[in-house]
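[1] all I have is the shape, not the residue letters:
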Ligand SMILES: NC(=O)C1=CN([C@@H]2O[C@H](COP(=O)(O)OP(=O)(O)OC[C@H]3O[C@@H](n4cnc5c(N)ncnc54)[C@H](OP(=O)(O)O)[C@@H]3O)[C@@H](O)[C@H]2O)C=CC1
Ligand SMILES: C[C@H]1O[C@H](OP(=O)(O)OP(=O)(O)OC[C@H]2O[C@@H](n3cnc4c(=O)[nH]c(N)nc43)[C@H](O)[C@@H]2O)[C@@H](O)[C@@H](O)C1=O
């Protein structure tokens, strides 16, 4: 991307979008167009059409979406399907209509079949049934991937799809019910330590495994791929390392210095048993993560303390 290129960063206030914004500024880009959802509701087709016709961005990072953890996904099933389809359809279609040079669509590791072999290769897409709790969200993301591929096939649009693993970091969502596991446990352990609670409730059995990538590492990978990846097929982004939810909880407990007990709530869903990403394609291209989990948790915890306590 030319340093004076006009870049539209959709979702700039989110955890991922704000990390991408920090990365672009650090790399010397200053012509970055951003809009809050109040300024531009990406579900509104006419508003998005007018925006693209006016701004005519050269590059687009699509990091705007309705996002949440396992309970949010399973509770607001219709909203996750409708809102993400609407946002994607509008931004991808208008990017084609106005001749955007390159668009990056952010998917998610939940697009892969629930019981696919591990680690998850990009070719496993649509080879099996999806995890029920986030099927609507996953189907929306798969539609986004297929839309980028179809526009590439029919109109030679340079649209790429990247599949991040579970993310965490600055500006994460710490909502007690709707957040993802890592920020949720940071909040729970902090509150338990502050309130001298005797135990912290961890959802599910603790046996599912998850991989976690710090959002600023993801932003670095997104920038690297925007500069170096023009292939049709989707590409995974992750660390290639996972751990059980129980071990994650014990690690967060240690970082926060909580001395009480864990209690597992089996009334809550485990979700996908494991979704470790095969990141060999990304590593072969020359990118690897830098921030390891314990350091990332410390950084995220300090951000939580600075913003919410
Ligand atoms: N968090 C994770 O673990 C993972 C996230 N991803 C993907 O990364 C991307 C970003 O996720 P993340 O940063 O965590 O999400 P956040 O919830 O932190 O941010 C989402 C952003 O989307 C914007 N947005 C939502 N709805 C609309 C709308 N109708 N119109 C305009 N903007 C809207 C919000 O804007 P505003 O703040 O102005 O309301 C917000 O900035 C998503 O595509 C997600 O699927 C992929 C894998 C894992
Ligand atoms: C990124 C990915 O994120 C989502 O998938 P997920 O990884 O299953 O989501 P999660 O982070 O919420 O849970 C991971 C595991 O952790 C356990 N768990 C324990 N205790 C808490 C807890 O307190 N909160 C939460 N949320 N989970 C907990 C929880 O029971 C589950 O076993 C998709 O919906 C979709 O958004 C997507 O693509």
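    All right, it came through fine. Quick caveat: nothing in here was measured; it's all calculated off a predicted structure. Ligands and ions are numbered 1, 2, ... in the order given.
[2] count the neighbours of residue 5 for me.
    15 (other Cβ atoms under 10 Å). Backbone N, C-alpha and C define where each C-beta goes, glycine included.
[3] in this protein, what residue is nearest ligand 1?
    Distances between the chain and ligand 1 by Cβ to the nearest ligand atom are smallest at residue 14, namely 2.1 Å.
[4] which positions in the stretch 1-150 of the chain make contact with ligand 2?
    The stretch 1-150 of the chain comes close to ligand 2 at residues 68, 69, 70, 73, 108, 109, 110, 134, 137, as judged by Cβ under 6 Å from any ligand atom.
[5] thinking again about what came up before, quick check, pLDDT for the residue of the chain closest to ligand 1.
    On pLDDT, residue 14 comes in at 98.
[6] tell me who's in contact with it.
    Under the criterion of Cβ atoms under 8 Å, 6 or more residues apart in numbering, the neighbours of residue 14 are 63, 64, 67, 171.
[7] the last one and ligand 2: what is the separation?
    Residue 171 sits 16 Å away from ligand 2, going by Cβ to the nearest ligand atom, to the nearest Å.
[8] with the second one instead?
    Taken as Cβ to the nearest ligand atom, the spacing of residue 64 relative to ligand 2 amounts to 15 Å.
[9] contacting residues around the nearest residue to that residue once chain neighbours are set aside?
    Using Cβ to Cβ, 6 or more residues apart in numbering and skipping the chain neighbours, the partner closest in space to residue 64 is residue 11 (3.3 Å). Residue 11 makes contacts with 17, 61, 62, 63, 64, 65, as judged by Cβ under 8 Å, 6+ apart.
[10] how about the first one, secondary structure?
    In the three-state summary, residue 17 is assigned as helix, counting by DSSP: H, G, I helix; E, B strand; the rest coil.
[11] use 511 as the first number for this chain going forward.
    Sure, I'll start counting at 511 from here, so that last one is residue 527.
[12] hang on, residue 539 in a helix?
    No. Note on residue 539: no helix contains this position according to three-state DSSP, which reports coil.
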